[in-house]
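J.: When you get a sec, could you give me coordinates for this:
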Amino acid sequence: MPWFLKSTFRGASTALILGAISAIFLACGGTETATDAEDPPPATATNALAHPESTEWTVISEVINLELATPDLGVGMQRFGMVLGDQNGLIKFPVVNLQADYYPSGYESELDPSVTKSALARFYLFPFGTRGIHTTDIEFDRSGKWEVSANIPQPDGSTSNVKVRFTVAEEAQSVIVGQNAPNSESRTLESTGNIAHLTTGSQRYSGLYEHSIAESIQRERPFMVVLASPAFCTNAVCGP
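T.: The predicted structure is shown next:
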């Protein structure tokens, strides 16, 4: 085995899963179903964001596995999330100390110590206790090549280092911390003509699909948006 394990991931796979989560609205109650005689094929979700190639990342570690949950990073305060694991499974330390370093001339050159930042990533356990994620906020004050590293304690008292390298863009494709989300022109019964285009749920309540999110915001009335994907959760950063 080489002295380090180096893997490159593409943010596109994560983006597609996140796109599936955000595109499927499941009804939690009611028994009303579609009135059409035949249902079309199940709804398919697509990624609404054109993620750039900068959402690639590289992990360097001897024993620690890391999956970057937030590869779409831009200049400014960004939510930084990652899933940590090893041969024993999910790493659940309540807090992990992170160090963020900037490489002005690429990873083959020296880092700029004046830009180095530190942050505490807190662990959040998903329901059922089988998955979880470490998250924190990190301010990336410039675009370019960045590296976030952590030393993970081991049972024998030693520590194992893990690094993740990625590119910070001038502007993230997704909404940044503190910014209002865009008014989504989500599909409705009127726009699709069949509830089966909107949900794969076995219990379907048409009242949940009368108005788009944008229309609901304009009505200035309280409303709730349910994002669920019981059949589409396939990677470590997707909760139940």
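
J.: so residue 91 touches residue 82, yeah?
T.: No. Assessed by Cβ atoms under 8 Å, residue 91 is found out of contact with residue 82, at 10.0 Å. The C-beta positions use only the backbone N, C-alpha and C, and glycine is treated the same way.

J.: Which one of these two is surrounded by more residues?
T.: Neighbours per residue (other Cβ atoms under 10 Å) separate residue 91 from residue 82, with residue 82 holding more: 24 against 20.

J.: how far away is that one from residue 227?
T.: With distances taken as Cβ to Cβ, to the nearest Å, residue 82 is found 21 Å from residue 227.

J.: Residue 64: how many residues sit nearby?
T.: Using other Cβ under 10 Å: residue 64 sits among 21 other residues.

J.: contacting residues for it?
T.: Residues in contact with residue 64, defined by Cβ atoms under 8 Å, 6 or more residues apart in numbering, are 84-86, 91, 152, 160-162.

J.: tell me which residues of stretch 125-133 are tucked away?
T.: The neighbour-count check on stretch 125-133 (16 or more other Cβ atoms under 10 Å) flags 131-133 as buried.

J.: what's next to it, contact-wise?
T.: Here stretch 125-133 makes contact (Cβ under 8 Å, 6+ apart) with 69, 81-83, 90, 92, 123-124, 236-240.

J.: Flag the least confident of the buried residues of stretch 125-133.
T.: Lowest in pLDDT among these is residue 131, which has 88.

J.: how close does it get to residue 121?
T.: 16 Å.

J.: same question, residue 95
T.: Using Cβ to Cβ, residue 95 is found at 7 Å from residue 121.

J.: Please report how far residue 121 lies from residue 70.
T.: The value you get for residue 121 to residue 70, if Cβ to Cβ is used, is 11 Å.

J.: Could I get the full set of strands for the protein?
T.: Taking DSSP state E, the strands of the chain run over residues 5-9, 57-61, 65-68, 76-86, 89-90, 95-103, 117-125, 132-140, 144-153, 159-168.

J.: export those strands to a markdown table and tack on distance to residue 205?
T.: Formatted as a markdown table, the strands of the chain follow (distance: least, Cβ to Cβ, whole Å):
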| stretch | distance to residue 205 |
| --- | --- |
| strand 5-9 | 38 |
| strand 57-61 | 40 |
| strand 65-68 | 35 |
| strand 76-86 | 32 |
| strand 89-90 | 35 |
| strand 95-103 | 41 |
| strand 117-125 | 30 |
| strand 132-140 | 31 |
| strand 144-153 | 43 |
| strand 159-168 | 41 |
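
J.: Buried deepest among those, which one?
T.: Ranked by mean neighbour count, these are led by strand 65-68 with a mean of 22 (mean count of other Cβ atoms under 10 Å).

J.: elements contacting it?
T.: Where contact means 3 or more Cβ pairs under 8 Å, 6 or more residues apart in numbering; DSSP states H and E, strand 65-68 is packed against strand 57-61, strand 76-86, strand 159-168.

J.: Rebuild those strands as CSV, extending it with mean pLDDT and distance to residue 137.
T.: Output for the helices and strands packed on strand 65-68, formatted as CSV (pLDDT from 0 to 100; distance: least, Cβ to Cβ, whole Å):
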stretch, mean pLDDT, distance to residue 137
strand 57-61, 96, 18
strand 76-86, 95, 6
strand 159-168, 97, 14
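
J.: Which one of those lies nearest to residue 209?
T.: Smallest distance to residue 209 across the helices and strands packed on strand 65-68 (Cβ to Cβ): 29.6 Å, for strand 76-86.

J.: CA-only coordinates of the closest one in CSV, if you can.
T.: Output of strand 76-86 as CSV, limited to C-alpha atoms (Å, rounded to 0.1, in the frame of the first residue of the first chain):
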residue,chain,number,x,y,z
GLY,A,76,-16.9,34.6,1.5
MET,A,77,-18.3,32.9,4.5
GLN,A,78,-19.1,29.3,3.5
ARG,A,79,-20.7,26.3,5.2
PHE,A,80,-18.1,23.5,5.2
GLY,A,81,-19.3,20.0,5.8
MET,A,82,-17.5,16.7,5.6
VAL,A,83,-18.1,13.0,6.5
LEU,A,84,-15.2,11.3,8.2
GLY,A,85,-14.6,7.6,8.5
ASP,A,86,-12.0,4.9,8.9
